[in-house]
Structure formats: C-alpha cells, structure tokens
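S.K.: quick one: sequence and predicted model below, then my questions.
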Amino acid sequence: MDAALTRRHCLAALCAAVAGAGAARATETRRYAVISLLGDSITLVYAAAVTGSNLDRNRRRELPDATGSLDRAALAATGRAIERAQPGSLVNLLAVPPSAAHQQGERFVEGSEIALPDGLVTALDKAAATHVVLLTKLRAPAHIELEHSAVGVGHLQGLGYYVDRNIGIRTVDAGSTAEGMLVAYAYLQLTLADATTGQVLRRQLVRATQVYAVASEPGIGDPWDMLDARQKAEHLRRLLDRHLMREIPALVASN
C-alpha cells in the first residue's frame, strides 16, 4: 500500500477519534452539586431617616433560621430550574447547616476559582459532580423599584426585610397615600464553577425586591406588622423561587 495513502488513512482515523471524543464530552451528562449559603438568618433592616450621606446608618437585627428552611427553599428552586433548563442532567442538593460558612460566602467566590471549606469539598467529591452551583449572599446598595422611581438607603445583603417608616407611597388601586413600606428582598450571587478545577465559569447577581405599602393596609402603624411570621417566611420563599427560576437557566447554559 502506498505510504502516503497509509498516512492519510491514519490521519483521518485520528481526526475522527478526536472529533468523536469532543462530541462525547459536549454531550456528557452534567452532574450538578448545588450549595446554598443564604438562609442561616433573615435580616431586618430599618431605614435611617437621613439624606445626603454615604454612611450606612440603618439599624439591623438578625433573625436566625436554625431550621434551614430558606436554604432548602433555595436549593429546591435551583434544582427545579436546572432540571427544566437541562432535562436529563443530574442534580444533587447539598444542605449545609447554619454555620460561619454562611457569613463567609463572598470570600469563597471572589477570585477566578472557588475556594470552599474542606467539608464542602468532601461533599462535592462524594457527589461526583462535574459542576457546582453556589448561592451566596450579595452585599449591595439598597435599590427598591417603585412605579416611577427607585429608593433605598444604605446596603442590603442576603435575605430579609427592609422597613421604611417615613416614605410616603400612594397606591395605584386604592388611590390612598400613607407613610411606610415593608420590602422583602433577596440579594445574592449565583456562581457556576467546574467541580474538578474550581474554575468559575459564570456569575450572576440577583437583587430582587417586593414592596408592600402601608397605604394598602389601613390601620397598620408599623410596616413590620403588615405580615405575620408565617407570611414573612412564605413571601421570601416565593421571591427566591420566582427569581431563581428566572436566572438559573442562563447561569447553567452550555454556551
């Protein structure tokens, strides 16, 4: 057989093998490990009645969630969003009990590679994950969208409620005006990383709010009293669910 022809056959076979391996990698089932470091507590933020200052004078109160119910809600919503966006992918939801890791989440994702505590690395190894989806708290200026403007004092972080007793809001439906609003908020960072190398593949920031105006609830003195404890937890879960279902598909998109 002609030597040149033999070399061409070998080269063609090698190219086909490489192309086949590339296609196999492209179609390989993704195995996701999802970690939420959001729900160790709910932060109650009372807006300070100040203007013209860059200092954050808001009063804050941490309301611990020892049950981890908000983390479970975030994990469940993320899992559903991944399965809907990528049918056939495998999703492992890794629950993390409330701990110091929840307060250090931003440090884990601040570089080009995620840097997780040993306990979480071990959990990833056991899950045999190809990709990690990490939900951590985001600290950013308060930005609350109203119908024709945006308001906010100081900074918000993670999950919680923002209370402004002084702002006057007019409701569109009732046409009434009263001072005060209660705002459910979810400020978080979504990070997709390669589970083997730790390389960050994509990041998305979520700053979600839902406004409840005192004007819509006659007889309410303190905006914090507009919802009871069960309703406050439920409204935060709904806010998380709605925005994670919207944002996660873009985060995990293959290209």
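M.R.: Received it, and whenever you're ready, just let me know what you need.
S.K.: what segments of the stretch 151-255 of the chain are strands?
M.R.: 155-170, 177-194, 200-213 (DSSP state E, counting those that start in this stretch).
S.K.: pick the most buried one from these.
M.R.: Stretch with highest mean neighbour count among those: strand 177-194 (a mean of 22; mean count of other C-beta atoms under 10 Å). The C-beta positions use only the backbone N, C-alpha and C, and glycine is treated the same way.
S.K.: helices or strands up against that one?
M.R.: If you count contacts as 3 or more C-beta pairs under 8 Å, 6 or more residues apart in numbering; DSSP states H and E, strand 177-194 packs onto strand 131-137, strand 155-170, strand 200-213, helix 229-251.
S.K.: which other helices and strands contact the next helix-or-strand element following the first one?
M.R.: Remark: after strand 131-137, the chain's next helix or strand is strand 139-141, criterion DSSP states H and E. Helices and strands in packing contact with strand 139-141 are listed as strand 155-170; criterion 3+ C-beta pairs under 8 Å, 6+ apart.
S.K.: so how far is the strand it packs on off the chain centroid?
M.R.: 20 Å (C-alpha atoms, centre = their mean, to the nearest Å).
S.K.: the strands of the stretch 151-255 of the chain: which one's closest to Asn58?
M.R.: strand 155-170 (7.8 Å; C-beta to C-beta).
S.K.: which helices and strands does the closest one pack with?
M.R.: When contacts are defined as 3+ C-beta pairs under 8 Å, 6+ apart, strand 155-170 sits against strand 41-46, strand 131-137, strand 139-141, strand 177-194, strand 200-213, helix 229-251.
S.K.: export the ones you listed to CSV and tack on mean pLDDT and distance to Leu120?
M.R.: CSV is the format used below for these (pLDDT from 0 to 100; distance: least, C-beta to C-beta, whole Å):
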stretch, mean pLDDT, distance to Leu120
strand 41-46, 94, 19
strand 131-137, 96, 9
strand 139-141, 95, 21
strand 177-194, 90, 12
strand 200-213, 94, 15
helix 229-251, 95, 19
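S.K.: and Pro87, which of these is closest to it?
M.R.: Ranking those by proximity to Pro87 (C-beta to C-beta) places helix 229-251 first, at 11.8 Å.
S.K.: among the helices and strands packed on strand 177-194, which is nearest Leu75?
M.R.: Comparison of the helices and strands packed on strand 177-194 against Leu75 by C-beta to C-beta identifies strand 131-137 as nearest, at 8.1 Å.
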